[in-house]
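Trainee: Build me a structure from this.
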Amino acid sequence: MITCRTLGPVEVRVDGQPAPAELLWRKNLALLIYLARSPHRRRSRQHLIGLLWADKDEKAARHSLNEALRALRQIIGDQNITTESDTVELADDAVQLDVDQFEQAMAAGDVAHASDTVTGDFLEGFGIDDAFEFEDWLTAERGTWRRRGVEALAAYADELLAGGHVSDALQRAERAAALDPWSEAALRAVMRCLSLSGNRAAALERYDALANRLLQELESKPEQATAQLAERIRQDRSLGLASSATRSDAAKNLAESRRAPLVGREQELGSIVGAWDACRTRGAAHAVVILGDSGTGKTRLADELLDRARLDGAAVVALRAVEADRSRAWSGVYGLARGGLLDIPGVAGSPPAALASFTQQLAEWQDQYAQAVKGIAPEPVGQAIGEVLRAALEEHPVVVMIDNAHWLDHDSFAALLAVVRDLASTPLFLILTATTREDRDELDDLRSRLGRDVPGVCLTLGALPETALVRLAHWAIPSYSEQETERLVRRLVADSAGYPLLAVELLHAIASGFDLDSKAGAWPAPFHTLSETAPGGLPDTIVAAIRIGFNRLSADAQQVLAAAAVLDERPSPEMLATATGLPEEQVNAALDQLEWQRWLSYESRGYVFVARIMREVVARDMITPGGRERVMDAVKVGK
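Mentor: I've put the predicted structure just below:
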């Protein structure tokens with residue numbers, strides 16, 4: 001059998017061996033591939049003569065065709081090429097082309113296998129100067145397979161993104177862009193990958209480059225889908241849960257992001273991305289619950305979904321609950337109202353009574369709707385949140401994210417569950433994270449309904465497997481040999497127990513020059529979790545690693561972070577400025593740095609530590625008792 005690679009530089013083998021030179025003569029090879037690509041692998045002699053030998057007279061052209069057929073018969077056998085009357089036919093099993101394998105894989109939905117076959121243009125570098133009809137066919141085939149190749153590569157890039165394999169996805173997307181530099185489908189795949197890898201500027205540079213080329217060479221503009229994606233990337237100021245117009249693009253220049261790659265959670269990410277895709281494409285409300293101990297990466301996993309949802313054009317409303325919220329009636333709903341709900345297009349179309357409900361309680365809503373709802377009686381807040389979300393959902397999907405949902409107040413929890421029920425036929429996506437250490441009847445009720453009357457999934461995160469820690473170690477310290485990495489991972493297992501938060505912190509410190517000592521204590525204590533561990537109960541290596549990370553911050557950021565650890569659970573920038581005595585501009589720059597380095601997360605009511613244990617270590621070890629008193633006194637005076 002002859003096997004032939006056509007997607008890329010042509011490569012031909014016969015029964016697994018290199019093809020004889022006679023088969024590689026250009027017109028012989030062209031005849032073979034053309035017949036293999038023809039309907040039913042059959043063509044008339046006259047058609048083939050016009051294709052490849054139109055420059056010759058009739059007699060000479062027929063002789064050339066016969067000689068080419070003779071050469072093919074010698075290689076693949078008389079039975080595999082038949083000539084009846086004026087027809088030439090190639091047997092189905094005589095030649096196997098990679099494009100046939102491509103089509104079979106695509107028909108089966110196996111975009112991974114299909115994309116593996118795409119190594120370049122169709123018959124890259126191949127041509128026959130004196131066969132104009134063949135050249136025309138070849139040009140058309142190249143256009144077809146360029147589009148098909150981009151389709152497969154972009155689709156596989158999306159699959160890889162859904163599983164968190166951003167680097168691999170970017171490689172496929174870049175291959176698509178190289179295959180067809182004018183393809184906007186390829187460009188969109190590259191932009192998504194770059195944006196999700198944290199390189200938003202590069203994504204926008206690629207868009208601007210194509211937009212300029214289109215304008216200069218074709219006097220046209222990018223497709224609407226491409227322009228919309230660029231605008232979403234440009235407008236997105238999110239970092240974790242935060243999305244605020246006050247966050248500066250220049251913040252990333254202040255410090256290198258400490259965002260590690262998502263490893264060991266590919267299956268879980270695929271599950272929630274699948275739920276999200278079903279929600280937005282079918283217009284059916286879904287809910288996702290992510291459970292796990294502190295430090296297992298619940299928030300990070302949810303953030304990955306939020307990043308993708310924003311790129312898909314969804315509006316995101318997010319809230320990070322704290323312990324005090326549980327006793328404050330409706331604190332969750334009002335937090336969502338402050339946390340981006342007001343800014344969603346479509347909210348203005350809510351019933352006036354629903355708008356009045358929030359306008360009555362929140363200054364931000366009063367500024368916008370006070371006149372519009374003057375004299376209108378507000379409806380109950382639990383009903384109002386549903387009406388406002390319904391209005392927003394008229395224009396685009398909405399994702400509602402509650403981090404630390406175990407601390408959400410009862411009234412807000414009940415209202416959100418009612419919203420999921422009442423808006424079942426809308427693209428509403430509710431995602432909740434919660435610790436396994438806190439019992440909540442509302443969570444238990446939702447989990448029992450997931451997959452039955454409420455579409456969605458429930459995931460429980462544990463420690464990272466050793467294979468994932470190996471990948472993290474390679475990412476953090478690529479210069480390590482395999483033997484050094486193996487030793488390091490053994491220490492990561494012992495000192496971090498596979499908790500992503502602690503493993504990443506330790507790796508950051510080692511990459512900065514921290515030397516591990518030879519002692520490795522067992523952690524955590526039996527039947528304990530990170531939530532139950534005090535700073536003094538952590539391994540010394542972990543505490544030292546946190547200190548190293550703290551010491552790498554600028555002096556302003558250290559001062560602001562120490563004050564945040566001392567103050568209440570959501571200090572505002574104004575409160576931190578008062579507590580530290582720093583000018584507002586310096587406080588804002590420090591807060592940007594602390595967000596990029598993933599010490600703090602911003603939400604509408606103030607700043608919170610990304611992890612409780614980090615706050616406790618900072619409060620215990622990074623500020624003196626006198627410094628703590630000075631912070632508290634400054635805030636009291638400021639009030």
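
Trainee: now the stretch 501-639 of the chain, which segments are flagged as low pLDDT?
Mentor: The stretch 501-639 of the chain contains residues with pLDDT under 70 at 517-529, 531-532, 534-536, 638-639.

Trainee: Which strand or helix spans residue 83?
Mentor: Here residue 83 is covered by strand 81-84, with elements defined by DSSP states H and E.

Trainee: Point out the other helices and strands that that strand packs with.
Mentor: On a contact count with 3 or more CB pairs under 8 Å, 6 or more residues apart in numbering; DSSP states H and E, strand 81-84 meets helix 58-76, strand 87-90. To be clear about C-beta, it is placed using only N, CA and C from the backbone, and glycine gets the same treatment.

Trainee: what's the first one packed up against?
Mentor: What it means is helix 58-76. helix 26-37, helix 45-52, strand 81-84.

Trainee: So residue 24 is in contact with residue 14, correct?
Mentor: No. Contact criterion CB atoms under 8 Å: residue 24 and residue 14 do not qualify, at 10.6 Å.

Trainee: who has more neighbours, these two?
Mentor: Legend: neighbour count by other CB atoms under 10 Å for residue 24 and residue 14, higher for residue 14 (15 against 12).

Trainee: can you list contacts of the strand holding residue 83?
Mentor: 45, 69, 72-73, 88-91, 94 (CB atoms under 8 Å, 6 or more residues apart in numbering).

Trainee: cool, stretch 460-474 as well?
Mentor: Counting by CB under 8 Å, 6+ apart, residues outside stretch 460-474 touching it are 260-261, 263-265, 268, 290-293, 296-298, 301, 436, 480, 485, 488-489, 492-493, 497-500, 503-504, 507.

Trainee: Now it: buried residues?
Mentor: Buried residues in stretch 460-474, counted by 16 or more other CB atoms under 10 Å: 461, 463-464, 468-474.

Trainee: what's the most distant pair in those residues?
Mentor: Pairwise distances across those (CB to CB) peak at 21.8 Å, for the pair 461 and 474.

Trainee: residue contacts, the residue of the chain positioned farthest from its centre?
Mentor: Here the chain reaches farthest from its C-alpha mean at residue 59, the gap being 62.7 Å by CA atoms, centre = their mean. With contacts taken as CB under 8 Å, 6+ apart, residue 59 has no neighbouring residues.

Trainee: for residue 204, same thing?
Mentor: Contacts of residue 204 by CB under 8 Å, 6+ apart are 191, 230, 233-234.

Trainee: Report how many residues lie close to residue 77.
Mentor: Residue 77: 11 neighbours (other CB under 10 Å).

Trainee: Flag the shaky bits of the stretch 101-250 of the chain, pLDDT-wise.
Mentor: If you take pLDDT under 70 as the line, the stretch 101-250 of the chain has these spans: 237-250.

Trainee: That one: helices as residue ranges?
Mentor: Applying DSSP state H, counting those that start in this stretch to the stretch 101-250 of the chain gives helices spanning 111-116, 132-162, 166-179, 184-196, 200-213, 224-235.

Trainee: so which of those helices comes closest to residue 38?
Mentor: Closest among the helices of the stretch 101-250 of the chain, using CB to CB: helix 132-162, at 10.1 Å.

Trainee: quick one: the spatially closest residue to residue 426 that is not a sequence neighbour from residue 405, how far?
Mentor: Spatial nearest neighbour of residue 426, excluding adjacent residues (CB to CB, 6 or more residues apart in numbering): residue 393 at 4.4 Å. As for residue 393, its distance to residue 405 is 21 Å (criterion: CB to CB, to the nearest Å).

Trainee: and what of residue 353?
Mentor: 28 Å.

Trainee: of those two, who's got more company?
Mentor: Just comparing residue 353 and residue 405: by other CB under 10 Å the higher neighbour count belongs to residue 405, 29 against 16.

Trainee: How is this structure partitioned into domains?
Mentor: 2-135, 266-461, 466-548, 553-638 (automatic domain parsing).

Trainee: would you list those in a markdown table and tack on distance to residue 186?
Mentor: As requested, the domains of the chain are exported to a markdown table (distance: least, CB to CB, whole Å):
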| stretch | distance to residue 186 |
| --- | --- |
| domain 2-135 | 12 |
| domain 266-461 | 16 |
| domain 466-548 | 27 |
| domain 553-638 | 30 |
